[in-house]
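# no FASTA, just this:
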């Protein structure tokens, strides 16, 4: 196992080349896709995928295109989420959002392009393998990003906005909008390493709980943002009918639930007969963000 | 080989079940995706895929999910194309376009959902096969629908609108925006049937030329629409700086070029040592549309 920073460097070095490796992309499209892909962030999903594959003895080189594809999917979802018809965000990570920089039409196509590129990259890689493990990893990612996964969560988030938060509703949104895309790298990484079904199950439990904790902490940070800085847009969400864990449980309840989800994630990954300290530390660091 | 109507019936019968087979999709998302998927049309792309696989001795049952996936991809592209920021079309096939019926936010997600569902469906099918042929077929479809294929063509169409038509530009748009998604079913159908590289090459040449002819005829019908019915929106495109084959060559030139492309398509498919009359007749019927 390597450090987070070591996996991160591999991802950062491969993102744009993996896009360009697909062939001659029209200039404006390539620019718009690269603009959002290069905008940074923690790269949590691709790092998790490399680490998950590594943990189970798989090949990091083989996992790298899947890691890049997952980050492309995450990035497409942010571009489409920011559109005027969706969250209408002018800024993303301190820079103009994609549609502010390139226009709405190109932003829609850049999102479509990143999702398409992700699938093409995974399939191209899968076709070069000597077994179906690449196709299985791609299937897990497509499923968790798709109409019973991330897109499902986003749709319910959009269509139920302004309704009363119920645990069922908020849990559904968090599970699919957020946790599924953190479970995908665990499942895909384990599938690439040809892990056994029981091991994959543990990895999925880790990912789901990590994802729930991650979103609860995000909801908490939004509220704390509100208190510290009343003008901050994200901070206002909780007060404006968004279906958040804080709206459901209050800050103390959300903090306790996040800690519990982290514990569940750690317990799940520790059932594996491996050195899982990387994953336990990552989950624990998450709750640290709220202190 | 069967008739067009027989293939069509198989596709029509499988489209919605193949979507629902993916699992529990949230009601509003399922509704919006099904609304556009059920809107009909010729189903040219999925029929071509079944026929192509059949021609080369492949299994129609095995090809059916790929045919449905291709129609989902075609449908997603129409939903996103109709959005206010793109072509801003209120109507599609005589009914309110997806965003008019479901709102822009759900329409964006329905498009994302259909593309995701297409990939998931193909990958799920590919993972059940005893070889990589399913992954190879999915790769061909993803590539031709992606950032060097359909999305590339759409981006250049959008970003170059209003500029002077050059042959290079219009050919690029038609090849990628239209012909790539008619080439995909030929390539994927042949890959599923484990055809040889030279055979696949002939199928690709057929698809590319069929696609170019198809778009040229569409451009001609738009202009003839203008003459017959000045208020018809699509008919106005040619006069409003759209990069069409008619804008480049005039109606007579476009008609001659379309006929030549059809001939090239027929010649390509007839290099195969099979009864290719289905494909020749289909291509010839296309030019009939302009008479």
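Great, that's in hand. All of these numbers come straight from a predicted model, not from anything done at the bench. Residues are numbered from 1 along each chain as shown, chains lettered A, B, ... in the order given.

# I'd say residue A:181 and residue A:75 touch.
No - in this structure, residue A:181 is not within contact of residue A:75 by CB atoms under 8 Å, at 11.2 Å. Yep, even glycine has a C-beta here, placed from its N, CA and C like the rest.

# contacting residues around the helix or strand harbouring residue A:15?
Assessed by DSSP states H and E, residue A:15 sits inside helix A:4-20. Residues from elsewhere that reach helix A:4-20, judged by CB atoms under 8 Å, 6 or more residues apart in numbering or on different chains: A:25, A:30, A:33-34, A:37-38, A:43, A:46-47, A:50-51, A:54, A:60, A:64-65, A:67-69, A:71-72, A:117, A:121, A:278, A:282, B:147.

# now with 6 Å, please.
Residues from elsewhere that reach helix A:4-20, judged by CB atoms under 6 Å, 6 or more residues apart in numbering or on different chains: A:34, A:37, A:43, A:46-47, A:50-51, A:64-65, A:67-68, A:117, A:121.

# tell me, which of those residues make contact with chain B?
Near chain B, judged by CB under 6 Å from any CB of the partner chain, the entries from these are residue A:117.

# please identify which pair of the contacts of helix A:4-20 lies farthest apart.
Greatest spatial distance in the contacts of helix A:4-20: A:34 and A:51, 25.2 Å, computed using CB to CB.

# neighbour count: those two, which is higher?
residue A:51 (26 against 18; other CB atoms under 10 Å in any protein chain shown).

# what residues are up against the more buried one?
Here residue A:51 is in contact with A:7, A:278 (CB under 6 Å, 6+ apart).

# how near is it to chain B?
As judged by CB to the nearest CB, to the nearest Å, residue A:51 and chain B stand 23 Å apart.

# need the residues of the stretch 1-150 of chain A near chain B, please.
So far as CB under 6 Å from any CB goes, the stretch 1-150 of chain A lies against chain B at A:23, A:25-26, A:28-29, A:80, A:85-86, A:104-105, A:108-109, A:112-113, A:115-117, A:119-120, A:123-124, A:126-127, A:132, A:135-136, A:138-139, A:142-143, A:145-148.

# the stretch 151-291 of chain A now?
A:151-152, A:154-156, A:158-159.

# so where do the strands sit in chain A?
With DSSP state E as the criterion, chain A has strands at A:91-92, A:95-96.

# most tightly packed of those strands?
Mean neighbour count (mean count of other CB atoms under 10 Å in any protein chain shown) peaks for strand A:91-92 among the strands of chain A, with a mean of 16.

# for that strand, give me every contacting residue.
For strand A:91-92, contacts defined as CB under 6 Å, 6+ apart pick out residue A:82.

# how far does it sit from the chain's center?
Computed by CA atoms, centre = their mean, to the nearest Å, the chain-centroid distance of strand A:91-92 equals 17 Å.

# partners of it in the sheet?
strand A:95-96 (antiparallel) (DSSP bridges).

# quick one, longest helix in chain A?
Assignment by DSSP state H gives helix A:197-228 as the longest helix of chain A.

# tell me how far that helix lies from the chain's centre.
Centroid separation between helix A:197-228 and its chain, computed with CA atoms, centre = their mean, is 10 Å.

# give the buried residues for it.
Within helix A:197-228, the residues that qualify as buried are A:199-200, A:202-220, A:222-223, A:225-226, counting by 16 or more other CB atoms under 10 Å in any protein chain shown.

# over to stretch A:24-32?
A:25-26, A:28-30, A:32.

# neighbours around residue A:42, how many?
By other CB under 10 Å, the residues close to residue A:42 number 9.

# for residue A:59, that is, sorry about that
11.

# ditto for residue A:263
Residue A:263: 15 neighbours (other CB under 10 Å).

# quick one: buried ones out of the residues of the stretch 1-150 of chain A next to chain B?
For these, a neighbour count by 16+ other CB under 10 Å gives the buried set as A:25-26, A:28-29, A:80, A:85-86, A:104-105, A:108-109, A:112-113, A:115-117, A:119-120, A:123-124, A:126-127, A:132, A:135-136, A:138-139, A:142-143, A:145-148.
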